[in-house]
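S.K.: Quick check, what structure comes out for this input:
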Amino acid sequence: MELRHLEHFVAVAEQKHFTRAAEAMSISQSGLSASIRALERELRASLFVRNTRSVELTEAGRALLCEGRRTLAAAEAAKDAVAAVQGLLRGHLTVGLEQCLGVVDVPALLAKFRSAYPGVEIEVRQAGSTPMLDELASGRLDVAFVATAGDPVDGLDLRPLSRESMVLVCAPDHRLAKASGVTLDDLAGESFVDFDPTWGARAISDSAFTTAGVAHPVTIEVNDVHTLLALVAHDLGVALVPERIAAKRGDHVTVSLAPGTASDWQVSVAVPTGPAASLAADALIGMLPTTAVHA
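M.R.: Numbers count the residues shown, from 1 in each chain. Model (predicted):
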């Protein structure tokens, strides 16, 4: 099986369109189609269901996609290993980043990395931590800065950068504004402002309320910290957020939670384990302050 055939297959699977995939791979559409047909002949299986507007993976195609990504990531890691022996670092580094983590100055870190390793092409994707963990496991990301409760994830190495408690934020005239040690039962009947379900802080909140058996109706969902705090300050809902977010400037009030109410919010730098691990990712992590990473 040729790696270029796998690369073409993954491109079509991700683009769901032969023309767009051909453009992304800078080859002719006829050449791409021939490559896919060659792969299907070798595997003796149809990989795509084709129609006039798009293509969809068959069951065989879905099975190949995950392993194909891992194979390509391992092949890239092998190239990097040879380059490292020769004193070079080359290739491609794909970095994932959840918004508003605030622990590491990622733009400055990437600028430092690019200055040290100009032969490495850097790609950055911003998304919630939940899908980024999946992309790390499948080889679509090399490294990611994520927020979780700190639980182990199969196939990934999560190296903590910081850990802090969740707190309640509410309006100054809210009934709980002067309380302390608030429990989730105290929040029964409240409406909530919260982040997208893929964000680490939202996942921690959802899990805490589910475990406690208390309703958590999110009536306003946002993708921006400052908007969340402004909505809370105007008494349009309350929210559970990490201390770091609650400390941002605004007219809201911060209220502590009772111990054990919710898991801590942990920011980590995450990388795949095993052969998919990237030397470029290791080099990037090596540029973090030594006090930041707790291996």
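S.K.: only C-alpha atoms for contact and neighbour calcs from this point on.
M.R.: Noted.
S.K.: and the next element down the chain from the host helix or strand of Ala201?
M.R.: Following DSSP states H and E, the helix or strand that holds Ala201 is helix 200-212. Where DSSP H and E defines the elements, the next helix or strand beyond helix 200-212 is strand 218-222.
S.K.: how far off helix 200-212 does that following strand point, in degrees?
M.R.: Strand 218-222 runs at 160 degrees relative to helix 200-212, counting by axes from the mean of the first three to the mean of the last three CA atoms, to 10 degrees.
S.K.: who does the following helix or strand past strand 218-222 touch, helix- and strand-wise?
M.R.: Remark: after strand 218-222, the chain's next helix or strand is helix 225-233, criterion DSSP H and E. In terms of contacts (3 or more CA pairs under 8 Å, 6 or more residues apart in numbering; DSSP states H and E), helix 225-233 is packed against strand 166-170, strand 192-195.
S.K.: Using PDB, list the CA coordinates for helix 225-233.
M.R.: Taking C-alpha atoms only, helix 225-233 is exported to PDB below (Å, rounded to 0.1, in the frame of the first residue of the first chain):
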ATOM      1  CA  VAL A 225     -15.600  34.800  28.000                       C
ATOM      2  CA  HIS A 226     -16.400  38.500  28.200                       C
ATOM      3  CA  THR A 227     -19.900  38.000  26.700                       C
ATOM      4  CA  LEU A 228     -20.600  35.400  29.300                       C
ATOM      5  CA  LEU A 229     -19.600  37.600  32.200                       C
ATOM      6  CA  ALA A 230     -21.500  40.600  30.800                       C
ATOM      7  CA  LEU A 231     -24.700  38.500  30.500                       C
ATOM      8  CA  VAL A 232     -24.300  37.200  34.000                       C
ATOM      9  CA  ALA A 233     -23.700  40.700  35.300                       C
END
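S.K.: I figured Leu9 was touching Ile36, is that so?
M.R.: Actually, residue 9 is Phe. It isn't Leu. Yes. Applying CA atoms under 8 Å as the test, Phe9 and Ile36 come out as touching, 6.2 Å apart.
S.K.: Between those two, which is the more surrounded one?
M.R.: Applying other CA atoms under 10 Å to Phe9 and Ile36 shows that Phe9 carries more neighbours, namely 27 against 22.
S.K.: Tell me who's in contact with that one.
M.R.: Applying CA atoms under 8 Å, 6 or more residues apart in numbering to Phe9 gives the contacts Ile36, Leu65.
S.K.: How far does the helix or strand encompassing it sit from its chain's centre?
M.R.: Following DSSP H and E, one finds Phe9 within helix 3-15. Mean-position distance between helix 3-15 and its chain equals 22 Å (CA atoms, centre = their mean, to the nearest Å).
S.K.: among the helices and strands packed on helix 225-233, which is nearest Gly128?
M.R.: Closest approach to Gly128 among the helices and strands packed on helix 225-233 (CA to CA): strand 192-195, 9.6 Å.
S.K.: ok, and Leu72, which helix or strand is that part of?
M.R.: Judged by DSSP H and E, Leu72 forms part of helix 59-85.
S.K.: Just checking, which helix or strand succeeds that helix along the chain?
M.R.: Following helix 59-85 in sequence order, the next helix or strand is strand 91-97 (DSSP H and E).
S.K.: And that next one, what's buried?
M.R.: Across strand 91-97, burial judged by 16 or more other CA atoms under 10 Å covers Gly91, His92, Leu93, Thr94, Val95, Gly96, Leu97.
S.K.: Which neighbouring elements make contact with the helix or strand following that strand?
M.R.: The element immediately downstream of strand 91-97 (helix or strand, assigned by DSSP H and E) is helix 106-116. Counting contacts by 3+ CA pairs under 8 Å, 6+ apart, helix 106-116 is packed against helix 279-286.
S.K.: related to what we said a few turns ago, for the helix holding Ala201, the distance to its chain's centre please.
M.R.: So, by CA atoms, centre = their mean, the centroid of helix 200-212 is 18 Å from its chain's centroid.
S.K.: who touches it?
M.R.: By CA under 8 Å, 6+ apart, helix 200-212 touches 128-130, 146-149, 184, 194-197, 215-216, 240-242, 261-265.
S.K.: From Ser191, how far out is Ala201?
M.R.: Distance of Ala201 to Ser191, computed by CA to CA, to the nearest Å: 17 Å.
S.K.: same deal with Glu76?
M.R.: 48 Å.
S.K.: what do you get for Ala137?
M.R.: To Ser191, Ala137 is 35 Å away according to CA to CA.
S.K.: Show me the shaky parts of the stretch 101-250 of the chain.
M.R.: Applying pLDDT under 70 to the stretch 101-250 of the chain flags no residue at all.
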